[in-house]
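Colleague: fold the following.
(one chain, ligands or ions: 1)
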Amino acid sequence: MNPKIVTELPGPKARAIIETDTKYTSPSYGRVYPLVMRRGSGVMVEDVDGNQFLDFQAGIAVCSTGHAHPKVVEAIQRQAADFLHMCSADFYSPVMAELSQRLTATFPGGGPARVFYANSGTEAVEAAMKLSRYHTGRDKFIAFLGSFHGRSMGSLSLTSSKTAQRRRFGALVPGVHHVTYPKAAGETAQTRAAIERLFQTILPPEEVAAIVVEPIQGEGGYIVPPSDFLPTLREIADQHGILLVADEVQCGLGRTGKMWAVEHANVVPDMICSSKGLASGMPLGAMMARGDIMNWTPGAHASTFGGNPVCLAAALATLDLVQGGLMGNAAAMGQRIIDRIAGWPKRFPRVTAVRGLGLMVAIDLAPDGSVPAGDVRDKIIERAFHRGLLLLSCGEAAIRFMPPLVVGADDVDCALTILEGLLA
Ligand SMILES: Cc1ncc(COP(=O)(O)O)c(C=O)c1O
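Modeller: Numbers count the residues shown, from 1 in each chain. I've put the predicted structure just below:
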């Protein structure tokens, strides 16, 4: 689709809504630009003033099947008309049994696996932390600098992408140690050395429950680690009886062209956390673990709303679409983006690097005289909004492209033409 901007931005209706929102909604939300959405369809987002935008951020990689995919909407409506809730922690439902079977069938290495359902990414990570402790009887964790795993107290102890996320929140879960996430070939050896140094100095390996890692670092900058990184973590984990948890909340469910990003490295993790793209925009989290690891007993962990049947129905429809072709489209469209932007660092002095896997692609921006790179980046994102292209930032000075997996070749070409105009 081509964007259509028909008012100044924000338009009059948007301005009135923003004024009310600013008075009454939590100021902790870091609103990026003044978009007030009214409706969406596929990669198109329309605001309350009738402006139409091309969405290359999908609600932070959530609307995997595009906005309001008819099959997802139909599944939600059907389930909502039957029943909205009966507490999945206490009773059974056809949608949960079916989704558990379908999801665990995707577990790398063939399983057998089991699923715990939550409402969000952070809750899926909390569940992984709790199960790691429960199963191993150990209480320490290794995580990576630059990572984002959520904002509740447990997952925030792992999160380390920005100090603003931790400032003034006091002591978090103790026993979490951070090491550097390798960015380039050859850097895995330094990460291994850092972990071994921890084992020799302050962290007895037999006290470590799990290594928690994003197979592609998301908020930290869409960093695709060197190919030996995940296999090295698997090796260290196996050597010391430590569990390997893959946080695929952002990179999972087909976005990289494979169901799970760990599959690119041929690594079988012990647990996978999923959420964002899982139910196309409905709030659902899932923590999958190998069957022998998920040995907690009734009452150990549960949630009133986790595994809500309407969200589960949306996830089943999402899975149908992802496995029915969207995963392949993500690989093809991701390659189309990379092919076109690979030459940008040579063409545009503002662009210092491009990288990505499937529809998780980023470019790094350079400073402009005394203007820091992060500010240059924010300015470009703001201007893209005014031209009808929705983008988001990540890392220190990167713009990320994470459109819905339904994105087409024309959409890709249109978005990149807009960006090339801005960069020039
Ligand atoms: C890799 C990763 N893990 C966990 C989370 C937390 O998810 P939520 O915001 O749903 O709690 C995010 C959110 O951006 C994420 O990118």
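Colleague: pLDDT score for residue 111?
Modeller: On pLDDT, residue 111 comes in at 79.
Colleague: what is the burial count for the closest residue to the ligand within the stretch 251-400 of the chain?
Modeller: The stretch 251-400 of the chain approaches the ligand most closely through residue 275 (5.1 Å), counting by Cβ to the nearest ligand atom. Every residue, glycine included, has its C-beta placed from N, CA and C. Residue 275: 28 surrounding residues under other Cβ atoms under 10 Å.
Colleague: what do you get for residue 91?
Modeller: 8.
Colleague: in this structure, which residue is closest to the centre?
Modeller: residue 250 (1.5 Å; Cα atoms, centre = their mean).
Colleague: pull the contacting residues for it.
Modeller: By Cβ atoms under 8 Å, 6 or more residues apart in numbering, the contact set of residue 250 is 60, 61, 121, 148, 214, 216, 218, 219, 276, 360.
Colleague: what do you get if the cut-off is 7 Å, keeping everything else the same?
Modeller: Counting by Cβ atoms under 7 Å, 6 or more residues apart in numbering, residue 250 makes contact with 61, 218, 276.
Colleague: one more: residue 365?
Modeller: 350, 351, 352, 373, 376, 377, 380, 397, 399.
Colleague: beta partners for it?
Modeller: Per DSSP bridges, the residues bridged to residue 365 are residue 351.
Colleague: look at it and report its pLDDT.
Modeller: 97.
Colleague: same thing with residue 8?
Modeller: The predicted local confidence for residue 8 is 98.
Colleague: state the distance from the nearest residue in space to residue 300 that is not next to it in sequence to the ligand.
Modeller: Of all residues not flanking residue 300 in the chain, residue 134 sits nearest, at 6.3 Å (Cβ to Cβ, 6 or more residues apart in numbering). Distance of residue 134 to the ligand, given as Cβ to the nearest ligand atom, to the nearest Å: 20 Å.
Colleague: so residue 134: helix, strand or coil?
Modeller: helix (DSSP: H, G, I helix; E, B strand; the rest coil).
Colleague: how many residues are close by it?
Modeller: Counted with other Cβ under 10 Å, residue 134 comes out at 16.
Colleague: now do residue 16
Modeller: The burial count for residue 16: 13, using other Cβ under 10 Å.
Colleague: which helix or strand contains it?
Modeller: Using DSSP states H and E, the element containing residue 16 is helix 12-24.
Colleague: residue 230: what's it in contact with?
Modeller: Taking Cβ under 7 Å, 6+ apart, one finds 215, 262, 265, 267 in contact with residue 230.
Colleague: returning to what we had before: was I right to think the residue nearest to residue 300 contacts residue 296?
Modeller: Yes - Residue 134 is within contact range of residue 296, at 5.0 Å (criterion: Cβ atoms under 7 Å).
Colleague: residue 333: how many residues sit nearby?
Modeller: Residue 333 - counted by other Cβ under 10 Å - has 24 other residues nearby.
Colleague: my bad, residue 242
Modeller: Quick note: residue 242 (other Cβ under 10 Å) scores 26 neighbours.
Colleague: put the alpha carbons of the helix holding residue 16 into CSV.
Modeller: Provided in CSV are the C-alpha atoms of helix 12-24 (Å, rounded to 0.1, in the frame of the first residue of the first chain):
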residue,chain,number,x,y,z
PRO,A,12,-7.3,17.8,14.9
LYS,A,13,-9.0,14.6,16.2
ALA,A,14,-5.6,13.1,17.2
ARG,A,15,-4.6,16.3,19.0
ALA,A,16,-7.8,16.3,21.1
ILE,A,17,-7.2,12.6,22.1
ILE,A,18,-3.6,13.2,22.9
GLU,A,19,-4.5,16.1,25.1
THR,A,20,-6.9,13.9,27.2
ASP,A,21,-4.4,11.0,27.3
THR,A,22,-1.6,13.2,28.4
LYS,A,23,-3.7,14.3,31.4
TYR,A,24,-4.8,10.9,32.6
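Colleague: which SS state does the residue nearest to residue 12 when sequence neighbours are not counted fall under?
Modeller: Closest residue to residue 12 apart from its sequence neighbours, by Cβ to Cβ, 6+ apart: residue 49 at 6.6 Å. Counting by three-state DSSP, the backbone at residue 49 sits in coil.
Colleague: who's in contact with residue 49?
Modeller: Neighbouring residues of residue 49 by Cβ under 7 Å, 6+ apart: 7, 11, 12, 13, 14.
Colleague: how close does the last one get to residue 422?
Modeller: Spelled out, that is residue 14. As judged by Cβ to Cβ, to the nearest Å, residue 14 and residue 422 stand 22 Å apart.
Colleague: next one: the first one
Modeller: Using Cβ to Cβ, residue 7 is found at 20 Å from residue 422.
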